[in-house]
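S.K.: This is a predicted model, with the sequence first.
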Amino acid sequence: MKIFKLLTLFLFLFSFCSSYAEQEKLEQKITKNLRCLVCQGQSVHDSDTEFANSVKLLVKKKLNEGLTEKKIYDYLKDKYGEWILFDPKFNKKTYFLWLLPILLFVIGGLLIFKLFIIRKN
Amino acid sequence: MASLIGFYSLVFGICSSVAIIIFSIQNFRNPKKLNEKILILTFLQFFLVTISFLGLIISFVNSDFSNETVFNHSHTTKPLFYKISGSWGNHEGSLLLWLLVLTLFIFLFILKSGKQPTQYRILTLLFQEIIIIGFFIFLLKTSSPFNYIYPIPEEGLGLNPILQDPSLAIHPPILYFGYVGTSIIFSSSLSAMVVNYISKEWAKHIKVWVLISWIFLTLGILLGSIWAYYELGWGGFWFWDPVENVSLMPWFALTTLIHCILVLEKRLELTSWVIILSITTFTLSMSGTFLVRSGILNSVHTFANDPERGLFILIFLFTLIFLSLFVFFFFHKKETNNKSSFFLVSKETSIILNNWFMMYFLSVVLVGTTYPIFLDVISSDKISIGPPFYHKLIIPFLIPFLLAMTIGPRLKWIKSDLSDKFILIIFFIISLLLSLYIVKTLKIDFLINSILISFVFYLFFITLRDFFNKKYNNLSQNIAHFGFSLFLLSIIFNNILSSEVITNLKVGDTFKSEKLKIYFENITQKNEKNFESFVGEFVVENSQGDVFIMKPELRIYNQPNIATSEAYIRTSLFSDKFMTMNLVQNQEYFNVRYQIKPLMIWIWISVLMITLGGLMSIIKKNEN
């Protein structure tokens, strides 16, 4: 089980390194990760408001200028604030967000483990 | 007039609740048999709330704008069906609906639990009455649906057009049946603890309520998703939006409860855990309703606009949590049979594994939903948490979860050996090869996909095979698990194989690509009672040479003045074709979005299958 989990974790990390070749797909990916600020709970990609359309054009322009995905996120973050990103970055504001579920998972595992050990002795 | 009757039946309703409490306490001290008056009073309480609810509906039907709720949420030109559904499409009305279901369920509980010990029944009723009275007070004091306004307005403000939809009209009642069902589980587990009735019989009896709530909750979530799919116009069905998450959390807790109550029923183990889960499930359901209805999820500030409501909710929730913790610590007796042990390879171990993962999924959703609220309050930083967060934290964990789900049901209680090892291995190899083949042909470079797909296929094949396995006769469980594998498969392939075209067209234009030709033939305008409709007609030709017509619609509602886009969907067994059109500001062009969504219908069918599994489990219980 342990090896298995390590393996999944590894594969999981690995999958993030892989990248799309085509720009269009990248564009889609980026705009799907952006919140349409004037709608309720829709991504820029899925929305059709003026705001969303202008951001779509902006992403296209920036990609053509040769900016990387991460740079575009940073640029938009500076312009509109972190609220626009659906995929919160791992930083000191979000340590708890990312780690708390994992922590709870580990605690749960320990509790179950304790249950086994105590019962068996 | 109808509002007045509605209001006073609420007042009389609360009187009947107080009477129930008085009689119940008397009866509890002298528990030979249940006092008949109690049954009559619970019916009366239900009856009065029904009258009150009917009062609200009649006010809506008659467009009685002297009623503030009707004024805020209705309009004379609205079709009758949406006038009626509008009565629970708002904060006040939906709380009244909650109360209605609460009183209905406790009446049914008292009616149907004749075989259970009297003290346990009465105490469950008492706990339930605390919740009911809380809702009565909340309704009358801070959110009365029967407030009077003067001078009487000529016309109402109207209902948000995206809510004017058949599946969304019945979505709240179905969801509330699920939510409120958890309150019975909550009260029942508290009272079973106090009268020391946590036993195999209790597990058997409460399991029916768990299943009923779970079925309604599942159906409610399904309806919400279907609505989001065809009404919101972006072709997705789940966005990990806080409002959706809030209904998913009690679902996780209930699903966990369904599994671990089996252990209690068969082996009288995990009693504390079952109780904690019952309390959690109800707390999540109730905070869910409040969170959605108070508007706190969208912005912390709307909550602060009405501090009285917010304060009441918080006090009420904390009272209930405090009460349940109090009961838990003072009355709960630990399992006494310490001799029993869990073996690694056994059904109960796999159920514990299921519980462990389910709780993890729940905590991911809980943290993801509430974290932005806390961060905003503490540091006034606004962050968004969307699909990527949930996918990253949930998908990798699905893999061991699926494995436990495949192997677990095949194991026996207490201690077991894995039978049919040969077949299990053969099927695993088949699944692995199949998924490698698929990943290769589709040129997906996500390695995680291939592992996930092989494990989903594994569950799919094993459960499929078990339908024909005579040794294995737990049909309801098998259907539910098979449905789950089908569900995941449909979602994964839907995700991978979806494609779309977005383009701007005006009448007479043609869009051409290698795979597709879209011709904008014409547009027709119609005037409906409460909206103006523009229906576009598009001729679509795909690479196989199929030609078909798509007719997406744009609606401009008059009250309130909002434009909505109605998707046109052609459903087939293999894929949905989905088209929406939108206005482009100040131009004769329309923004046209055409999507192909494979296996869409199987997502709905598989969820229905999962629900069917639950339904069959209830039927099986009744036969026994």
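M.R.: Yep, that arrived. Numbers count the residues shown, from 1 in each chain, chains lettered A, B, ... in the order given.
S.K.: Skipping its backbone neighbours, what lies nearest B:Val584 in space?
M.R.: Of all residues not flanking B:Val584 in the chain, B:Asn591 sits nearest, at 5.3 Å (CB to CB, 6 or more residues apart in numbering or on different chains). For glycine as for every other residue, the C-beta is placed from the backbone atoms N, C-alpha and C.
S.K.: so where's chain A uncertain?
M.R.: A:1-22, A:40-41, A:116-121 (pLDDT under 70).
S.K.: who touches the residue in the stretch 51-200 of chain B positioned nearest to chain A in this structure?
M.R.: For the stretch 51-200 of chain B and chain A, the shortest gap (CB to the nearest CB) falls at B:Ile162, measuring 10.1 Å. Neighbour list for B:Ile162: B:168, B:231-232, B:562, B:564 [criterion: CB atoms under 8 Å, 6 or more residues apart in numbering or on different chains].
S.K.: Now intersect those residues with the helices, please.
M.R.: Per DSSP state H, helices hold the following members of the contacts of B:Ile162: B:168, B:231.
S.K.: Let's have the contacts of B:Ile162 in CSV, adding pLDDT.
M.R.: Shown next, in CSV, are these (pLDDT from 0 to 100):
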residue, pLDDT
B:Leu168, 82
B:Glu231, 83
B:Leu232, 79
B:Ile562, 80
B:Thr564, 83
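S.K.: can you narrow the contacts of B:Ile162 to ones near chain A?
M.R.: Among those, the ones lying near chain A by CB under 8 Å from any CB of the partner chain are B:Leu232.
S.K.: and which of the contacts of B:Ile162 is nearest to chain A?
M.R.: B:Leu232 (7.4 Å).
S.K.: wait, the closest one sits on A:Ser43?
M.R.: No - B:Leu232 sits out of contact with A:Ser43 when judged by CB atoms under 8 Å, with a separation of 11.5 Å.
S.K.: Counting neighbours, what do you get for residue 64?
M.R.: Went with chain A since none was named. 9 (other CB atoms under 10 Å in any protein chain shown).
S.K.: Chain B was what I was after
M.R.: Look at B:Asp64: counted by other CB under 10 Å, it has 20 neighbours.
S.K.: same check, this time on the one 10 residues further on
M.R.: Burial of B:Ser74, expressed as a neighbour count using other CB under 10 Å, amounts to 30.
S.K.: quick one: it and B:Lys83 touch, right?
M.R.: Yes - here B:Ser74 reaches B:Lys83: they are 5.9 Å apart, a contact under CB under 8 Å.
S.K.: okay, now the domains of the chain?
M.R.: Using chain A. A:22-87, A:90-121 (automatic domain parsing).
S.K.: that's the wrong chain, I wanted chain B
M.R.: Following automatic domain parsing, chain B resolves into domains at B:1-164, B:416-498+B:603-623, B:499-601.
S.K.: if we can go back for a sec, closest one to B:Leu102 among the domains of chain A?
M.R.: Closest to B:Leu102 of these, according to CB to CB: domain A:22-87, at 29.3 Å.
S.K.: can you give me how far the closest one is from the chain middle?
M.R.: Distance of domain A:22-87 from its chain centroid, counting by CA atoms, centre = their mean, to the nearest Å, is 13 Å.
S.K.: where does the residue in the stretch 351-500 of chain B that chain A sits nearest to land on pLDDT?
M.R.: The nearest approach of the stretch 351-500 of chain B to chain A comes at B:Gly386, 2.7 Å away (CB to the nearest CB). B:Gly386 is assigned a predicted lDDT (pLDDT) of 85.
S.K.: Excluding chain neighbours, what is closest to it?
M.R.: A:Phe86 (2.7 Å).
S.K.: hang on, that neighbour packs against B:Pro388?
M.R.: Yes - taking contacts as CB under 8 Å, A:Phe86 lies within contact range of B:Pro388: 5.9 Å.
S.K.: okay, now the residue of chain A found nearest chain B: neighbour count?
M.R.: With CB to the nearest CB, the shortest gap between chain A and chain B falls at A:Phe86, namely 2.7 Å. The number of residues packed near A:Phe86 is 20, by other CB under 10 Å.
S.K.: Kindly report the same for the one 10 residues further on.
M.R.: The local packing of A:Phe96 (other CB under 10 Å) involves 14 other residues.
S.K.: And it, how far from B:Trp356?
M.R.: As judged by CB to CB, to the nearest Å, A:Phe96 and B:Trp356 stand 21 Å apart.
S.K.: got it, and B:Gly181?
M.R.: 25 Å.
S.K.: more crowded one of those two?
M.R.: With neighbours defined as other CB under 10 Å, B:Gly181 and B:Trp356 compare such that B:Gly181 has more, 26 against 19.
S.K.: Mind listing the shared neighbours of A:Phe86 and B:Pro388?
M.R.: Counting by CB under 8 Å, 6+ apart, the shared contacts of A:Phe86 and B:Pro388 are A:Asn33.
S.K.: Remind me what the helix or strand containing B:Ala192 packs against, helices and strands.
M.R.: Assigned by DSSP states H and E, B:Ala192 belongs to helix B:166-194. For helix B:166-194, the packing partners by 3 or more CB pairs under 8 Å, 6 or more residues apart in numbering or on different chains; DSSP states H and E come out as helix B:80-86, helix B:91-112, helix B:118-141, helix B:200-231, helix B:242-267, helix B:271-294, helix B:307-331.
S.K.: what mean pLDDT does the third one have?
M.R.: When you say that, I think you mean helix B:118-141. 94.
S.K.: same deal with stretch B:493-501?
M.R.: 87.
S.K.: that older thread, looking at the domains of chain B, spot the one closest to B:Ser287.
M.R.: Among the domains of chain B, domain B:1-164 sits nearest to B:Ser287 (CB to CB), with 12.9 Å.
S.K.: Switch the helices and strands packed on helix B:166-194 over to JSON lines; also include mean neighbour count.
M.R.: Below are these laid out as JSON lines (neighbours: other CB atoms under 10 Å in any protein chain shown):
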{"stretch": "helix B:80-86", "mean neighbour count": "19"}
{"stretch": "helix B:91-112", "mean neighbour count": "21"}
{"stretch": "helix B:118-141", "mean neighbour count": "21"}
{"stretch": "helix B:200-231", "mean neighbour count": "21"}
{"stretch": "helix B:242-267", "mean neighbour count": "22"}
{"stretch": "helix B:271-294", "mean neighbour count": "22"}
{"stretch": "helix B:307-331", "mean neighbour count": "14"}
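S.K.: Determine the set of other helices and strands touching the helix or strand that contains the residue nearest to B:Val584.
M.R.: Take DSSP H and E as the rule and B:Asn591 turns out to sit in strand B:590-598. Where contact means 3+ CB pairs under 8 Å, 6+ apart, strand B:590-598 is packed against helix B:475-497, strand B:499-505, strand B:516-527, strand B:531-542, strand B:575-583.
S.K.: tell me the most buried of these?
M.R.: By mean neighbour count, with neighbours taken as mean count of other CB atoms under 10 Å in any protein chain shown, strand B:575-583 ranks first of the helices and strands packed on strand B:590-598 at a mean of 22.
S.K.: Can you list phi and psi of B:Tyr148 for me?
M.R.: phi -100, psi 140 (degrees, to the nearest 10).
S.K.: Distance check, the residue nearest the centre of chain B against chain A.
M.R.: The structure's chain B has its C-alpha centroid closest to B:Ile221; by CA atoms, centre = their mean the separation is 3.4 Å. According to CB to the nearest CB, to the nearest Å, B:Ile221 stands 16 Å off from chain A.
S.K.: got a list of what B:Leu284 touches?
M.R.: Applying CB under 8 Å, 6+ apart, one finds that B:Leu284 lies in contact with B:249-250, B:253.
S.K.: What number of residues are in the vicinity of B:Phe237?
M.R.: As a burial measure, B:Phe237 scores 21 neighbours (other CB under 10 Å).
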